[in-house]
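Asks: Predicted model follows, preceded by the sequence.
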Amino acid sequence: MRQGDPERAEIYLRKAIAHTPMDDEGILRRYRKYLGQTLALRGDTSRLLYRAVAWYQQMEAQLKSIDGDWESWTRGVFSFLRREEGQTHYWTVCGLDDGPFSHCTQQVERDGVLQQSVTFVVPNVSSDSNDAKPQSRGERILVDAYQDYYRRLQRILRLLRHLQVLGMRSTQEYRGWFTSRGLADELLKSPPQRRREVELMGSQNKPSGGAWFRGVAARIYRGQHREADLQTEFIGRIARAFDKGLAGGARRAYLDLLLLAEERAKLFGLQAAISRMGPFGGNVFVEALANLARNYRHWIRPLDEWTPISHDPRQQFSSLVRHLLAQYPVPIFMDSAWCRGRKAIA
């Protein structure tokens, strides 16, 4: 960092806090380290501290509004979508059971333009460290703001892990399940309540998520779906894709693509198909599959002969497109044409 460049130092500090697994002791250690580097640049360190506090308070306020309405169509990945005041807020949480950390991403879009994208890492095991010893009132405020934010985030992660254990694909499905059984009417349960629900789920024969999805997709295809089928954003997007000019063979091709993807691939969810474009304007895989279905007359190979060669959704989609349409090698960047809505393909 150059001398006399406090703005750059401030950005560096906020990124260090946002992108690093934290506990109370660790956040103070990093705070002191990076603030120490800026002392020679500027004596006013209180502004940097309160900017960090403001970031935690802002995130905690946003987390309050996303306790519900999560969806998961790829194991270990949950998504949340909220629209307000001309903006779309899109959250993705992954890595709930694959390692020591979960990865949370928040993207904000306005008028089809991605304005903000932040990814931060959270330990899958809560830290109850009390070793931190704030040395000033400002540091105490920082730790308090961080703890409020961290507790709120952990509540959401516990909910999503519980849904994953139960085999639920959305909070909407979960609400219907516990309400019909007379269980506590709240999403965020206590540990004893969660254990009871896991035991209850294990004692009954619940249809697999795949069978449930195939039934919903078939009803939407026939135009016989029920209002209860469309309670989630993901299923709603599929229904809207069927309604946007898909008829005859294209309609059947889209159903076949959905059923194949459910069985063999990881193309379900609301995460962005092309990450740099954000999850908007048709840039999710189920909408890209609809564009692929519109071109079913140009398929040169049978759909059921396709087998994914990767666990990565992006590579799976590329492989599927080339299996169906490509006679010669095609540059990877051209996949974005399928993810820009119907007009881009037309």
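Replies: Alright, I've got the coordinates.
Asks: Do a quick rundown of the helices in the stretch 1-150 of the chain.
Replies: Taking DSSP state H, counting those that start in this stretch as the criterion, the stretch 1-150 of the chain carries its helices at 6-18, 24-38, 46-64, 137-166.
Asks: elements contacting the longest one?
Replies: Packed against helix 137-166, as judged by 3 or more C-beta pairs under 8 Å, 6 or more residues apart in numbering; DSSP states H and E, are the following elements: helix 24-38, helix 46-64, strand 71-74, strand 87-94, strand 113-123, helix 171-180, helix 191-202. From N, CA and C alone the C-beta is placed, and that goes for glycine too.
Asks: tilt between the very next helix or strand once past the last one and helix 171-180?
Replies: Secondary structure here is assigned by DSSP states H and E; on that basis, the next helix or strand after helix 191-202 toward the C-terminus is helix 209-222. Here helix 209-222 runs at an angle of 110 degrees relative to helix 171-180 (axes from the mean of the first three to the mean of the last three C-alpha atoms, to 10 degrees).
Asks: Now find how far off-centre whatever helix or strand comes next after helix 209-222 is within its chain.
Replies: Next along the chain after helix 209-222, taking DSSP H and E as the criterion, comes helix 233-243. The chain centroid and the centroid of helix 233-243 are separated by 18 Å under C-alpha atoms, centre = their mean, to the nearest Å.
Asks: Check stretch 156-174 too.
Replies: 13 Å.
Asks: Skip the chain neighbours and tell me the closest residue to residue 258.
Replies: In this structure, residue 258 finds its nearest non-sequential neighbour in residue 217, 5.2 Å apart by C-beta to C-beta, 6 or more residues apart in numbering.
Asks: just for the stretch 201-346 of the chain, where's the confidence low?
Replies: 202-210, 231, 278-281, 341-346 (pLDDT under 70).
Asks: Let me know the distance separating the residue lying closest to residue 115 once chain neighbours are set aside from residue 255.
Replies: Spatial nearest neighbour of residue 115, excluding adjacent residues (C-beta to C-beta, 6+ apart): residue 108 at 5.0 Å. Remark: distance between residue 108 and residue 255 (C-beta to C-beta, to the nearest Å) = 34 Å.
Asks: count of residues packed around residue 222?
Replies: If you count neighbours by other C-beta atoms under 10 Å, residue 222 ends up with 11.
Asks: what's the distance between it and residue 162?
Replies: 34 Å.
Asks: sorry, back to before: between residue 108 and residue 255, which has more neighbouring residues?
Replies: residue 255 (20 against 16).
Asks: Can you tell me the SS state at the more buried one?
Replies: Following DSSP: H, G, I helix; E, B strand; the rest coil, the label given to residue 255 is helix.
Asks: wouldn't it be in contact with residue 214 here?
Replies: No. With contact defined as C-beta atoms under 8 Å, residue 255 does not reach residue 214; the gap is 9.6 Å.
Asks: need the contact list for the most centrally placed residue in the chain.
Replies: The centroid of the chain falls nearest to residue 92 when counting by C-alpha atoms, centre = their mean (1.7 Å). Counting by C-beta atoms under 8 Å, 6 or more residues apart in numbering, residue 92 makes contact with 77, 78, 79, 80, 104, 105, 107, 270, 271.
Asks: which residue packs closest to the last one, ignoring adjacent ones?
Replies: Yep, that's residue 271 we're talking about. Nearest one to residue 271, counting by C-beta to C-beta, 6+ apart, is residue 92 at 5.3 Å.
Asks: Tell me where the model's unsure across the stretch 51-200 of the chain.
Replies: 67, 74-75, 97-99, 124-136, 138.
Asks: Same list (the helices and strands packed on helix 137-166) but as TSV, adding distance to residue 226.
Replies: Formatted as TSV, the helices and strands packed on helix 137-166 follow (distance: least, C-beta to C-beta, whole Å):
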stretch	distance to residue 226
helix 24-38	48
helix 46-64	32
strand 71-74	18
strand 87-94	27
strand 113-123	35
helix 171-180	12
helix 191-202	24
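Asks: Out of those, which one sits most buried?
Replies: strand 71-74 (a mean of 23; mean count of other C-beta atoms under 10 Å).
Asks: among the contacts of residue 92, who's most crowded?
Replies: In terms of neighbours by other C-beta under 10 Å, the contacts of residue 92 top out with residue 78 at 28 neighbours.
Asks: Relative to residue 103, how far out is that residue?
Replies: Taken as C-beta to C-beta, the span from residue 78 to residue 103 is 11 Å.
Asks: Common neighbours of the two, please.
Replies: Joint contacts of residue 78 and residue 103 (C-beta under 8 Å, 6+ apart) are 93, 94.
Asks: Of the helices and strands packed on helix 137-166, give the one that comes closest to residue 237.
Replies: Residue 237 sits nearest to strand 71-74 of all these, at 10.4 Å, using C-beta to C-beta.
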